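Novice: what would the 3D arrangement of this be:
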Amino acid sequence: MSFFSYELGAKRLGVLRELVPAATLIAVLANPNSTLAHSAEKELQLAAASIGQQLELLKASANHEIDQAFAKLVEKRAAALFIIPDAFFTSRRMQIATLAVRHAVPAIYPQREYLEVGGLMSYGASIPDAYRQLGLYAGRIMKGEKPADLPVQQPTKFELIINLVVAKALGLEVPPALLARADEVIE
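Specialist: Next comes the predicted model:
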């Protein structure tokens, strides 16, 4: 099962820009130890260039480096934050979401789990839908199909989730068009 975690960078960037249209600089948090993050960074740079957006790449692979990245984000006066998907960041989602709110920086996350700990907005593949698809695959395997004969599944449902409680705390007015497209709004 592929979740298209990295391939959705341009879409996430567009949603973030829709939320904060006046942002001239968006910080991007990436793990320098992730080989997949390097290609995601390149694709994100291309997407940003196509919409005239400037990005500031911040690297972190340890707790103290996340703190340092936020200090640099504040120093550079980045108007928003983009998190490149990474298991390390997911495990530190509370730290990242807390720092984003503390520094009043609107952020978009790759997974809904960030919103459960105080994140503002996420866009990604629907995990419940992916689990449903995986269950169907497990059923096919239990009925005798060979796993090697089954194609890689791609997500069919994506979800945009917005946490209005956090938006209010950040003093953000979420555009009605963005709210209308949201699959879930946390109030």
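Novice: verify the stated contact: residue 24 with residue 79.
Specialist: Yes. Counting by C-beta atoms under 8 Å, residue 24 does reach residue 79; the two are 6.4 Å apart. Placement of C-beta: from N, CA and C, glycine included.
Novice: first-to-last residue distance for stretch 149-156?
Specialist: Start-to-end span of stretch 149-156 (C-alpha to C-alpha, to the nearest Å) is 20 Å.
Novice: on that earlier part again, for residue 24 and residue 79, indicate the residue with more neighbours.
Specialist: residue 79 (17 against 12; other C-beta atoms under 10 Å).
Novice: need phi/psi at the more buried one.
Specialist: When quoted as degrees, to the nearest 10, the phi and psi of residue 79 stand at phi -90, psi -10.
Novice: quick check, pLDDT for it.
Specialist: At residue 79, the pLDDT value in this model is 96.
Novice: kindly export stretch 119-135 (C-alpha atoms) in PDB.
Specialist: Output in PDB follows, covering the C-alpha atoms of stretch 119-135 (Å, rounded to 0.1, in the frame of the first residue of the first chain):
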ATOM      1  CA  GLY A 119      -1.700  20.800  15.000                       C
ATOM      2  CA  LEU A 120      -3.600  23.200  12.700                       C
ATOM      3  CA  MET A 121      -4.100  21.400   9.400                       C
ATOM      4  CA  SER A 122      -3.300  18.200   7.600                       C
ATOM      5  CA  TYR A 123      -3.800  16.800   4.100                       C
ATOM      6  CA  GLY A 124      -3.000  13.200   3.200                       C
ATOM      7  CA  ALA A 125      -4.300   9.800   2.400                       C
ATOM      8  CA  SER A 126      -7.300   8.600   4.500                       C
ATOM      9  CA  ILE A 127      -5.800   6.100   7.000                       C
ATOM     10  CA  PRO A 128      -9.200   4.400   7.700                       C
ATOM     11  CA  ASP A 129      -9.800   3.900   4.000                       C
ATOM     12  CA  ALA A 130      -6.300   2.500   3.500                       C
ATOM     13  CA  TYR A 131      -6.900   0.000   6.400                       C
ATOM     14  CA  ARG A 132     -10.100  -1.000   4.600                       C
ATOM     15  CA  GLN A 133      -8.200  -1.700   1.400                       C
ATOM     16  CA  LEU A 134      -5.500  -3.600   3.300                       C
ATOM     17  CA  GLY A 135      -8.300  -5.700   4.900                       C
END
